[in-house]
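Asks: Build me a model:
(one chain, ligands or ions: 2)
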Amino acid sequence: MTSDSLTLREPDDWHVHLRDDDMLAFAADYTARQFARAIVMPNLVPPVTTAAAADAYRTRILSALPEGRRFTPLMTAYLTDEIDPAEIATGFQDGVFTACKLYPAGATTNSAAGVTNVRKIWPVLERMQAIGMPLLVHGEVVAADIDIFDREAVFLETVLTPLLADFPSLKVVLEHITTEDSVRFVEAAGANLAATITAHHLRIDRNAMFQGGIRPHAYCLPVAKRRRHKEALRKAATSGQPRFFLGTDSAPHQKHDKESACGCAGIFSAPMALESYAQTFEEEGALERLEAFASEFGPRFYGLPLNEGSVTLRREAQDLPELMGDGNVSVVPFHAGETLAWRFTGRSSQAKASPGSA
Ligand code: DOR
Ligand code: ZN
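Replies: Ligands and ions are numbered 1, 2, ... in the order given. Prediction:
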């Protein structure tokens, strides 16, 4: 690594929304060009609840990519109250599913079919624990009397604590954490609990949604919290602790669906994900820890091999557009109209040169 160029082992995105149809056609390659693998969220309409549906979705994802792109979508199952443990276990054992996703019903985009009471999925969690299948959690309660800024912290106490107590060897990933409470919770937990951290929660706090007016493109779920929470996330991500790793939660929505009286939650960060993380890590004086966060801790937690190839970023000012699209979709990306210090320049199937090699 020189100060003007950054070469990392090929990273993975451990949480992304690739969507379907026109949005998939537009968005998928932004993830596939930067990341070798990605955990693909199942909150389609209808949700991905069977191995057959996941397999068909994987085929659609691969068909949306340019010829020759090396990218492995890791598929997830959407848990419902009625989910069949046998379907989940068979899908995992056949290599179709990598993990299951728990959406509390009503917590976020396309979560209406999610779980109404986690006790209802105890049998499937038992099965997952027995076969070593990870559970990925959208960690927010949905009760109307709980303030939206408290929903993650309350989830830790009322849902996650009893779940971990009942399933001590289930692997759990608390997705897209947004609070200092979650950082401390993960730090204090055993080796089976990890967390992903998005690029945007490292950069925005809740004021971003209200800067000079209502800013729908800064709205995502879990919603960004106070500045002190963002600071705790920045410390955790750059700390070198292996149970915090990269998951963008890149979640594209059409511009008109976000700029609406009831705008959708989600931030589209796939086009500049690595550059955004690199900027944060550099600001924190921790650029040398980016590789472990992006490329090592995730696969180690999931029990998957590390990627062999490399990616390179160059120090070069990069202006992000106000709007992206392809004629079928229009999306306002994260960092729209801003300038980032790094630019992704490509991926190679070659391993990066080890220090001291010619
Ligand atoms: O902001 C979000 N967008 N959070 C989620 O949990 C879902 C996602 C989406 O699918 O749009
Ligand atoms: Zn998500």
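Asks: The helix or strand that contains residue 345: how far from the chain's middle?
Replies: Residue 345 is part of strand 339-348, with elements assigned from DSSP states H and E. For strand 339-348, the distance from its own C-alpha centre to the chain's C-alpha centre is 20 Å (C-alpha atoms, centre = their mean, to the nearest Å).
Asks: helices or strands up against that strand?
Replies: Using 3 or more C-beta pairs under 8 Å, 6 or more residues apart in numbering; DSSP states H and E as the contact criterion, the secondary-structure elements in contact with strand 339-348 are helix 21-34, helix 273-283, strand 310-319. Bear in mind the C-beta positions are built from the backbone N, C-alpha and C, glycine included.
Asks: Looking at the ones you listed, which is nearest to ligand 1?
Replies: Taking C-beta to the nearest ligand atom, helix 21-34 is the member of the helices and strands packed on strand 339-348 nearest to ligand 1, at 10.4 Å.
Asks: Toward the C-terminus from that closest one, list the very next helix or strand.
Replies: As assigned by DSSP H and E, the chain's next helix or strand after helix 21-34 is strand 37-40.
Asks: any weak-confidence spans in the stretch 251-358 of the chain?
Replies: 354-358 (pLDDT under 70).
Asks: Redo the helices and strands packed on strand 339-348 as JSON lines? Include distance to residue 233.
Replies: Below are the helices and strands packed on strand 339-348 laid out as JSON lines (distance: least, C-beta to C-beta, whole Å):
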{"stretch": "helix 21-34", "distance to residue 233": "21"}
{"stretch": "helix 273-283", "distance to residue 233": "9"}
{"stretch": "strand 310-319", "distance to residue 233": "21"}
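Asks: Mean neighbour count and distance to ligand 1 added to the ones you listed, as a markdown table?
Replies: What follows is these, written out as a markdown table (neighbours: other C-beta atoms under 10 Å; distance: least, C-beta to the nearest ligand atom, whole Å):
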| stretch | mean neighbour count | distance to ligand 1 |
| --- | --- | --- |
| helix 21-34 | 21 | 10 |
| helix 273-283 | 22 | 15 |
| strand 310-319 | 17 | 24 |
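Asks: Output the set of residues of the stretch 201-350 of the chain in proximity to ligand 1.
Replies: Proximity of the stretch 201-350 of the chain to ligand 1 (C-beta under 6 Å from any ligand atom) is limited to residues 220-221, 251, 265-266.
Asks: which one of those residues is nearest residue 168?
Replies: Distances from residue 168 to these, taken as C-beta to C-beta, are shortest for residue 221 (28.6 Å).
Asks: and the closest one, that's in a helix?
Replies: No. Read with DSSP: H, G, I helix; E, B strand; the rest coil, residue 221 is coil and lies in no helix.
Asks: Give me the pLDDT value at it.
Replies: The score at residue 221 is 98. That number is its pLDDT.
Asks: Got phi/psi on residue 135?
Replies: With angles defined as degrees, to the nearest 10, residue 135 shows backbone torsions of phi -110, psi 130.
Asks: And for residue 180?
Replies: In this entry, residue 180 is assigned phi and psi values of phi -60, psi -30 (degrees, to the nearest 10).
Asks: Can you tell me the closest non-neighbouring residue to it?
Replies: residue 232 (3.7 Å; C-beta to C-beta, 6 or more residues apart in numbering).
Asks: try residue 260
Replies: Counting by C-beta to C-beta, 6+ apart, the nearest residue to residue 260 once its immediate chain neighbours are dropped is residue 216, at 7.5 Å.
Asks: thought that neighbour was touching residue 262?
Replies: No. Counting by C-beta atoms under 8 Å, no contact exists between residue 216 and residue 262, whose distance comes to 10.0 Å.
Asks: between those two, who's got more neighbours?
Replies: Taking neighbours as other C-beta atoms under 10 Å, residue 216 and residue 262 compare with residue 216 leading, 16 against 5.
Asks: how near is that one to residue 205?
Replies: Between residue 216 and residue 205 the distance, using C-beta to C-beta, to the nearest Å, works out to 16 Å.
Asks: and if you look at residue 67?
Replies: 42 Å.
Asks: SS state for residue 285?
Replies: With three-state DSSP as the basis, residue 285 sits in coil.
Asks: Quick check: end-to-end length of stretch 285-302?
Replies: As for stretch 285-302, its first-to-last residue distance stands at 28 Å under the measure C-alpha to C-alpha, to the nearest Å.
Asks: returning to that earlier point: ok, and for the strand holding residue 345, which residues are buried?
Replies: Applying a neighbour-count criterion of 16 or more other C-beta atoms under 10 Å, the buried positions in strand 339-348 are 340, 342-344, 347.
Asks: next one: stretch 63-73
Replies: The neighbour-count criterion (16+ other C-beta under 10 Å) identifies 64-65, 71-73 as the buried residues of stretch 63-73.
Asks: What parts of the stretch 51-200 of the chain come near ligand 1?
Replies: 108-109, 138.
Asks: ranking those by neighbours, who comes first?
Replies: Per-residue neighbour counts (other C-beta under 10 Å) across these peak at residue 138, which has 25 neighbours.
Asks: these two touch, right, that one and residue 106?
Replies: No. In terms of C-beta under 8 Å, residue 138 does not count as a neighbour of residue 106; the distance is 10.8 Å.
Asks: Can you work out which residues contact both of those two?
Replies: Both residue 138 and residue 106 are contacted by residue 114, under the criterion C-beta atoms under 8 Å, 6 or more residues apart in numbering.
Asks: now the helices for the stretch 101-250 of the chain?
Replies: For the stretch 101-250 of the chain, applying DSSP state H, counting those that start in this stretch gives helices covering 122-131, 151-155, 161-166, 180-188, 227-237.
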